[in-house]
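Enquirer: give me the fold of what follows.
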Amino acid sequence: MIEIHNLVKDYGTLRAVDHINFEINEGEILGFLGPNGAGKSTTLKMLTCYLSPTAGNISVENFNVLENSREIRKLIGYLPEHNPLYLDLTVYDYLKFVAEVRELKDFKTSLKNVVEKCGLHGVVSQPINTLSKGYKQRVGIAQAIIHDPKILILDEPTTGLDPNQITEIRELIKELGKEKTLIISSHILQEVQAVCDRIIIINNGKIVANGTTDELKSSFQNKTKLHIEVIANEDEIPKMLEHINNIDILGITPKEDNIIQVGIEYSSENDKRIEIYEFIKSQKWILLEMHREHISLEAVFRNLTIEDGGSE
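Expert: Numbering: from 1, shown residues only. Presented below is the predicted three-dimensional model:
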């Protein structure tokens, strides 16, 4: 549905987006991640036709962003990071204004649909400035979907919300993802992991990762860290290196009652747990615990975006 080819955006001498390429399939929920200044918002603004590319191209359902921006705008709903609401208007008047800008012919039906989907019952007649942050975000999402777009772009949709409001907006996003192609930019990695089918990470204007959460973790983790806890003599622990090939002992920490905690590392290509268990058994040590350290999406993100970005 969406194809991005060699996309470039320059602000004077600053290159914010640097020859990026990716595709987004119909019905997919894509997480678009990156540190501040990585180029996320700039990319989304070009996708929504708010900004023009310096070079490259964006195609949305075979429409070219440079030649068919009006057609693309009809296909896309957009919630910017800083939700641009008219605070003195009521929810009704604001959504009516957006509908008129969108040239919708049946506002009543559109209003009924977005009020139902976004849970705005009871606040339609209220001025927006009287609403909580969570409800303001709901209104922002309502304006983004009032024309029933095929594609919905949400830039930091839960910024500034409390935990309860985050949960509510996350559930709303999941429901919308059942019927629309979604692109979500967020700093909350757990949020992206919970709702997205695929993740793209951008850093310094370049794509540095593209795949599912499991694929990103797998490509990053070529070493496995194993933590074991045994009852044994501390001096005997190094014997493991003599009997089990291709492992490293990261640390030996004695605890009370002859309990020893041991950190072990080995290549993820060869699972050493059975060998380690058999060795412990042969030494008549008592195994109390054995578990692998699982890599987190946060660790992958930090590894790929360790350098500070510039301005978006």
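Enquirer: right, and the helix or strand after the helix or strand that contains Arg138?
Expert: If you go by DSSP states H and E, Arg138 is part of helix 133-145. Proceeding N to C from helix 133-145, the next assigned helix or strand is strand 151-155, under DSSP H and E.
Enquirer: related to what we said a few turns ago, helices and strands around the helix holding Arg138, which ones?
Expert: Counting contacts by 3 or more Cβ pairs under 8 Å, 6 or more residues apart in numbering; DSSP states H and E, helix 133-145 is packed against strand 76-79, helix 91-101, helix 107-118, strand 151-155, helix 163-176. Every C-beta, even on glycine, is put in place using the N, C-alpha and C of the backbone.
Enquirer: just put these in a markdown table and tack on mean pLDDT and distance to His227.
Expert: Shown next, in a markdown table, are the helices and strands packed on helix 133-145 (pLDDT from 0 to 100; distance: least, Cβ to Cβ, whole Å):
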| stretch | mean pLDDT | distance to His227 |
| --- | --- | --- |
| strand 76-79 | 95 | 42 |
| helix 91-101 | 96 | 53 |
| helix 107-118 | 94 | 45 |
| strand 151-155 | 94 | 38 |
| helix 163-176 | 85 | 30 |
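Enquirer: quick check, pLDDT for Asp235.
Expert: Model confidence at Asp235, expressed as pLDDT, equals 92.
Enquirer: what's the neighbour count on it?
Expert: The number of residues packed near Asp235 is 8, by other Cβ atoms under 10 Å.
Enquirer: do the same with Asn258
Expert: Asn258, neighbours per other Cβ under 10 Å, totals 13.
Enquirer: and what of Pro238?
Expert: The burial count for Pro238: 11, using other Cβ under 10 Å.
Enquirer: and the one 10 residues further on, by the same measure?
Expert: One way to gauge burial is a neighbour count; for Asp248, by other Cβ under 10 Å, it gives 11.
Enquirer: who are the neighbours in contact with the nearest residue to it once chain neighbours are set aside?
Expert: Of all residues not flanking Asp248 in the chain, Glu265 sits nearest, at 4.8 Å (Cβ to Cβ, 6 or more residues apart in numbering). With contact taken as Cβ atoms under 8 Å, 6 or more residues apart in numbering, Glu265 is in contact with Lys223, Thr224, Lys225, Leu226, Ile247, Asp248, Leu250.
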